[in-house]
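Asks: got a sequence here, can you build the structure:
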Amino acid sequence: MTYVSFFFYIFLLIVLFLYYAIPLRHRWVVLLIGSAAFYFIAYKSGWPILFITVLFAYGFGRLINYLREKYTDSHRKLQKAVLVLAYFCVVLPWLLIKNGNFILVTILHMSSINWIVPLGISFYTLQTISYLADIYRGEIDAQKNIAKYALFILFFPQIIQGPIPRYEQLAKQLYEGRLFDEKRFVKGLQLILWGFFLKLMIADKAAVIVNTVFDNPEKYMGCYVLIAAVLYSIELYTDFLACVTISQGVSGLFGIELVDNFRRPYFATSIKEFWRRWHISLSEWLRDYIYIPLGGSRKGRLAKYINLLITFIVSGIWHGAGYKFILWGLMHAIYQICGDLTADIRNKIYDLLKLSEQSGLRKTLQRIGVFFWVTIAWIIFRADSLRIGLKMIMNMFLVHNPWIFFNDKLLMLGLEWKELCVLAISIVILLLVSYKQEKGVRIRELILDKSIYTRWFIYIFAILCIMIFGTYGYGYNAQDFIYGGF
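Replies: Next up, the predicted model:
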């Protein structure tokens, strides 16, 4: 049951009706039952592991809270020991399930195990760690009601692939219940529609070409790799953004706001800024629970760089098992280190060229540079193995076949010329909307300010375009969201 399936929206309508039909103080119960039902329907076999994790996290949270209040700072070592034990119990299932076979097969040369993978395990593991850490730090109190804590973890619009919420951001909205707000409800519908556009008009169409090239690296080289790499950068972004946008939209129907997870990352002018804009909830989690506890930038430049390397190795391991994910994480750390070391030289070059920090040309060059380096890393990320990824990058530069842009070779990658036109136009629309948003224009507010006839014309036109020209329109089935696999 994915967010673009018909059955999901039948399920959603039922939960919405029940939510607004019962008294305000009991509405969180509907969300809990609905979330548990969604999880069981979507993935029946993984719920026991999730249930055990919830029990452990709830129990350890109460224990840490008790020790903090009773002994304050006198038993800090005991509190820390309990926290470490809690981390171990929470992380162990994720470590075994997501990285166990890599360790068994690649390192120990043993047979793999067919692990049961709970839905959203990578996301709710980080969510649980932040919850326990915040209790230990005294930033929040442990939830006393285990059912309410379970809702915090299970809340169905965001459990599949985020955003990764903090307890203080989400809990109050879940437990207090929300009154029906027409404007907030309509904004939620707008987000769902935009998510469908991103998924069906861009991500799934780009995936056809991306899959063709990456699944046949020995056949497609040179400019084929370049095209596939650029499209994968767009596919991954729009696919993930689509799911998060739909998650925000569905939550908005209940009057619940989820944090933004993207802020136009390809408009970033540095890799450091890219990570402030890409998967924001993960970036902030890595900063607050890995980078800063390691010392951050407080102990000198060398320590700062070591902490960056460790943080991005953790990010790579979180994304998947294998050397390619570790290298992908290292590449982003090295990008930032090199950016920091060469900052003065680059600024002098820009000064010689008379390009100020506010210069449009300077920002454009920086954005092209960021997109290039991020895309190179995405090749490693997407390839079937590290060896294949490195070979594809090498072939992209060493094999010269620019003529494929001028003959019909691109039409042999899975999309006909009409579909390519739809994909290109959709990417341009995304670029224009993102540009306006970057300038501070609130597109949804502009639409809401229009007359009812204009608004409904826009909505109906958008729905028809997605139905006719989207992925379903050409006979494909919508693919699962990419980050759901992490």
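
Asks: where does the stretch 351-486 of the chain dip in pLDDT?
Replies: The stretch 351-486 of the chain contains residues with pLDDT under 70 at 471-486.

Asks: quick one, helices of it?
Replies: 360-382, 386-398, 417-438, 443-448, 452-469 (DSSP state H, counting those that start in this stretch).

Asks: and residue 260, its phi and psi?
Replies: Here is the backbone geometry of residue 260 (degrees, to the nearest 10): phi -70, psi 140.

Asks: so what's the spatially closest residue to it that is not a sequence neighbour scoring on pLDDT?
Replies: Once flanking residues are discounted, residue 260 sits nearest to residue 280: 6.3 Å by CB to CB, 6 or more residues apart in numbering. Any C-beta I mention is one placed from the backbone N, CA and C, and that applies to glycine too. pLDDT for residue 280: 95.

Asks: tally of neighbours for residue 280?
Replies: Other residues near residue 280 number 20, with proximity taken as other CB atoms under 10 Å.

Asks: which of the helices of the stretch 351-486 of the chain sits closest to residue 299?
Replies: Closest approach to residue 299 among those (CB to CB): helix 360-382, 27.3 Å.

Asks: just the buried residues of that closest one, please?
Replies: Of the residues in helix 360-382, 362, 366-367, 370-371, 373-382 count as buried by neighbour count, 16 or more other CB atoms under 10 Å.

Asks: what about the residue nearest to residue 260, distance to residue 164?
Replies: Residue 280 is 9 Å from residue 164, where distance means CB to CB, to the nearest Å.

Asks: same check, this time on residue 467
Replies: 32 Å.

Asks: the more surrounded of these two?
Replies: residue 164 (24 against 12).

Asks: per-residue pLDDT, that one?
Replies: 91.

Asks: tell me which element the nearest residue to it once chain neighbours are set aside is part of?
Replies: Excluding the flanking residues, the one nearest residue 164 by CB to CB, 6+ apart is residue 281, at 4.1 Å. Per DSSP states H and E, residue 281 falls inside helix 280-286.

Asks: what does that helix rub up against?
Replies: Contact partners of helix 280-286, identified using CB atoms under 8 Å, 6 or more residues apart in numbering, comprise 126, 130, 162-165, 259-263, 275-276, 311-312, 314-315, 318.

Asks: of the residues you listed, buried ones?
Replies: The buried subset of the contacts of helix 280-286 - by 16+ other CB under 10 Å - is 126, 130, 162-165, 259, 261-262, 275, 311-312, 314-315, 318.

Asks: contacting residues for residue 392?
Replies: Here residue 392 is in contact with 214, 217, 221, 225, 379, 383 (CB under 8 Å, 6+ apart).

Asks: the same query, at a cut-off of 6 Å, please.
Replies: Contacts for residue 392 (CB atoms under 6 Å, 6 or more residues apart in numbering) come out as 217, 225, 379, 383.

Asks: could you dump the residues you listed to CSV with distance to residue 301?
Replies: Output for the contacts of residue 392, formatted as CSV (distance: CB to CB, whole Å):
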residue, distance to residue 301
217, 39
225, 36
379, 30
383, 33
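
Asks: for the host helix or strand of residue 101, buried residues please.
Replies: Using DSSP H and E, the element containing residue 101 is helix 76-101. Residues of helix 76-101 classed as buried: 79, 82-83, 86-87, 89-90, 93-94, 97-101 (neighbour count, 16+ other CB under 10 Å).

Asks: again, but for stretch 284-303
Replies: 284, 285, 286, 289, 290, 291, 294.

Asks: cool, and stretch 52-59?
Replies: For stretch 52-59, by 16+ other CB under 10 Å, it's 53, 54, 56, 57, 58.

Asks: residue 181: what's its closest spatial neighbour, skipping adjacent residues?
Replies: Going by CB to CB, 6+ apart, residue 181 has residue 255 as its nearest residue, at 5.7 Å.

Asks: go on, residue 89?
Replies: residue 56 (4.8 Å).

Asks: which residues touch the helix or strand where the one you found lies?
Replies: Following DSSP H and E, the helix or strand that holds residue 56 is helix 47-71. By CB under 6 Å, 6+ apart, the list of residues contacting helix 47-71 from outside reads 40, 79, 82, 86, 89-90, 93, 118, 128, 132, 135-136, 141-142, 146, 149-150, 153.
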